[in-house]
Each structure stands twice: as C-alpha cells, then as structure tokens.
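> For reference, the sequence and a predicted model appear below.
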Amino acid sequence: MLEVKNLSKTYEGGKKSLRDVSFTAKAGEVTAIIGPSGAGKTTLLRSINQLITDDSGQILFDGQNIRELSRRQLKQTRSKIGMIFQNYNLIEPLTTIENVLHGSLARKSTIAGVLSLYSKQEKQEALQLIDEVGLKEFAFNYCSDLSGGQKQRVGIARSLMQHPKMMLCDEPIASLDPRSTTMVMTILRRLADEKQLMILINLHQVDIAKTYADHLIGLNNGRIVFDGQAAEATDRQIEAIYSGVDSLVTE
Ligand SMILES: Nc1ncnc2c1ncn2[C@@H]1O[C@H](COP(=O)(O)OP(=O)(O)OP(=O)(O)O)[C@@H](O)[C@H]1O
C-alpha cells in the first residue's frame, strides 16, 4: 500500500505545484492521475520516489516513510519502484535484451553492473519478460530499430527486471498510436491483476483512464479535486477536474 499524506511542493521561483496532496493506492490496482497541463502530475509521480524533493508531508510505502530514508535506504526502496517514461529512456544503440538486463542493475553491485556481468538465470528471466510483453522476435534487435510502442514495451520489461512492487508511469502512452496504446495499457492492467503490482499512471486521455484504471485521481493546480472509482466518474466530475472546481468527490 502507498499512502501519501499532505504532500506539498513549491519549486524555486515560488510555483506551488503540490498543495496538501493526500491519497492511498493499493497493490493490484491501477491508479490513474489526470488533470490539465501543469496540474502537478509529473511532480507528484517524481516526488513519490524522491526524484524531486518536496517540502513537507509523508510518503508511506512498504512500512517506511520514503521522505525520511537515508541515501542507502532510498536506493534500496527505489529498486522496488519501476519507472516508465513517455520518451522510454532506453539506450538506443543497445539491443532489447541488453536494455532489459539493465533493469537488474538496481539489485547488483556497482562492479557487476559496470562490467555487465549477468548470470544465465538473469538472461533467461530477461528473455521470459521480453516474451511476456510480446517482443520475443525482437530480443536481439537494436532498440533504435523498434517502433514507439515496441520501445515502451521494452521499458516495461526492463522495469519488471527490477522485481518492482510499484510502477510509476509518467504519460507512457503520450507518444503512441491507438494500437500501441491498447497494447501497453493491456500489459499494465495485466501486471496489476496477475502480479498484484501497484500501478500509478499519469494520463491525458480520460477515456483510457476510465477503461483501464480502478482508481482515479484528479489534480488541478496542485490540489486533488477528485478521488474515486475511475469507472464511476461522471462527465460533470471529469469536466470539473479540468476546469478546477474544488472538492468534487461528491456531486
Ligand atoms: N523544475 C521546475 N521549476 C519550476 N517550476 C516547475 C518545474 N517543473 C514543473 N514546474 C511547474 O510546476 C507545475 C506542475 O508541473 P508538472 O510538470 O508537475 O505538471 P503536469 O500536470 O505533469 O503537466 P503536463 O501534463 O503538461 O506534463 C507547472 O506549473 C510547471 O510549470
């Protein structure tokens, strides 16, 4: 379970990007975060694993407050949190399997990582994950030769190599066509259902959020203005998330 309590963030220059944000996310659930551009979605996702340092609040995950961990503890906790990015963040001149194997670096010693020392078991696991995301025949292709949707699936397999408990997905389908969008969202949904992963996903497409997510959070100007079941959010509530009317949990 992830419990975010009263999280606030003000950037240098004074922009208040998160204002007293509190919510809970559960294992096995897809939580979609929607809201207009600049609402604070990326800031929220990146604060959860402390890629952005926030001002105040609590982030309780796996029995710990992530905000209070030492550097070493944070590294350990981050190894359980996968990240999926809009621009994939792959090493393009490397092959699919090499990129996926990189996901295990979070669990390895620095020297083993630098020397790219992977065990036979890790290579087998990487191939298995590549198969799970439907890319078996592309395992030894260079990532630079893959389509956007294929690259995102490599990103998912790489993240699974970490053995994550939670996946933070920052607009993972923003650059994809409808067919690739369906494939990626279906895989994320399956990971929540079958591996009981906790999936948090920033989205611009409300219809996709309502189709694939269990839980919907609406952010506007750094505030949570909706927190409820994705399938039950009404058009009026969705409209209000984007127009910025506060406190819409009840109609
Ligand atoms: N490094 C930064 N320094 C100052 N202000 C920032 C910084 N990063 C983001 N902001 C501001 O914080 C607010 C929230 O930004 P954030 O990127 O979290 O929003 P978002 O909801 O993810 O937007 P989008 O949907 O466009 O990606 C915006 O007003 C943005 O301009």
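The structure has been received and is ready for your questions. All values derive from a computational prediction rather than experimental measurement. Numbering: from 1, shown residues only.
> Ramachandran angles for the closest residue to Asp177 other than its chain neighbours?
Setting aside the residues directly before and after it, Asp177 is nearest to Gly149 in space (Cβ to Cβ, 6 or more residues apart in numbering), at 7.1 Å. Yep, even glycine has a C-beta here, placed from its N, CA and C like the rest. For Gly149, the backbone dihedrals (degrees, to the nearest 10) come out as phi -60, psi -40.
> number of nearby residues for Gly149?
The number of residues packed near Gly149 is 18, by other Cβ atoms under 10 Å.
> for the one 10 residues further on, same thing?
Per other Cβ under 10 Å, the neighbour tally for Ser159 reads 24.
> likewise Ile84?
Neighbours of Ile84 under the rule other Cβ under 10 Å: 23.
> Show the pLDDT at it.
Ile84 carries a pLDDT value of 96.
> Tell me the bridge partners for it.
Note on Ile84: beta-bridge partners by DSSP bridges are Cys169.
> pretty sure it contacts Val154?
No - at 10.5 Å, Ile84 and Val154 do not qualify as touching, with contact defined as Cβ atoms under 8 Å.
> Let me see the ranges of the strands in the stretch 151-251 of the chain.
Ranges of strands within the stretch 151-251 of the chain are 166-170, 198-202, 215-220, 223-229, based on DSSP state E, counting those that start in this stretch.
> so how far is the second one off the chain centroid?
What that stands for is strand 198-202. What separates the centre of strand 198-202 from the centre of its chain is 5 Å, taken as Cα atoms, centre = their mean, to the nearest Å.
> Check which helices and strands it sits against.
Here strand 198-202 touches strand 30-34, helix 41-48, strand 166-170, helix 178-195, going by 3 or more Cβ pairs under 8 Å, 6 or more residues apart in numbering; DSSP states H and E.
> still on that earlier bit, mean neighbour count, distance to the ligand and mean pLDDT added to the strands of the stretch 151-251 of the chain, as CSV?
Shown next, in CSV, are those (neighbours: other Cβ atoms under 10 Å; distance: least, Cβ to the nearest ligand atom, whole Å; pLDDT from 0 to 100):
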stretch, mean neighbour count, distance to the ligand, mean pLDDT
strand 166-170, 23, 8, 98
strand 198-202, 25, 6, 98
strand 215-220, 25, 7, 97
strand 223-229, 19, 12, 96
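> okay if I get these as CSV plus distance to Ser104?
Shown next, in CSV, are the strands of the stretch 151-251 of the chain (distance: least, Cβ to Cβ, whole Å):
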stretch, distance to Ser104
strand 166-170, 16
strand 198-202, 20
strand 215-220, 30
strand 223-229, 35
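> surely Ile241 meets Ile217?
No - in this structure, Ile241 is not within contact of Ile217 by Cβ under 8 Å, at 9.1 Å.
> intersection of neighbour lists for the two?
Here Ile241 and Ile217 have Ile34, Phe226 as joint contacts, going by Cβ atoms under 8 Å, 6 or more residues apart in numbering.
> worst-scoring helix or strand of this structure, pLDDT-wise?
Lowest mean confidence among the helices and strands of the chain (mean pLDDT, DSSP states H and E): helix 110-114, at a mean of 61.
> I'd like the next helix or strand past that one.
Elements were assigned by DSSP states H and E; along the chain past helix 110-114, the next helix or strand is helix 120-132.
> Which strands or helices does that following helix pack on?
If contacts are counted by 3+ Cβ pairs under 8 Å, 6+ apart, helix 120-132 sits against helix 96-102, helix 148-160.
> For it, output the C-alpha coordinates as PDB.
The C-alpha coordinates for helix 120-132 follow below in PDB (Å, rounded to 0.1, in the frame of the first residue of the first chain):
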ATOM      1  CA  LYS A 120      22.500 -17.200 -17.000                       C
ATOM      2  CA  GLN A 121      19.400 -17.100 -14.800                       C
ATOM      3  CA  GLU A 122      19.100 -13.300 -15.300                       C
ATOM      4  CA  LYS A 123      19.400 -13.700 -19.100                       C
ATOM      5  CA  GLN A 124      16.700 -16.300 -19.000                       C
ATOM      6  CA  GLU A 125      14.500 -14.100 -16.900                       C
ATOM      7  CA  ALA A 126      15.000 -11.200 -19.300                       C
ATOM      8  CA  LEU A 127      14.000 -13.400 -22.300                       C
ATOM      9  CA  GLN A 128      10.900 -14.500 -20.400                       C
ATOM     10  CA  LEU A 129       9.900 -10.900 -19.700                       C
ATOM     11  CA  ILE A 130      10.500  -9.900 -23.300                       C
ATOM     12  CA  ASP A 131       8.200 -12.800 -24.300                       C
ATOM     13  CA  GLU A 132       5.600 -11.600 -21.800                       C
END
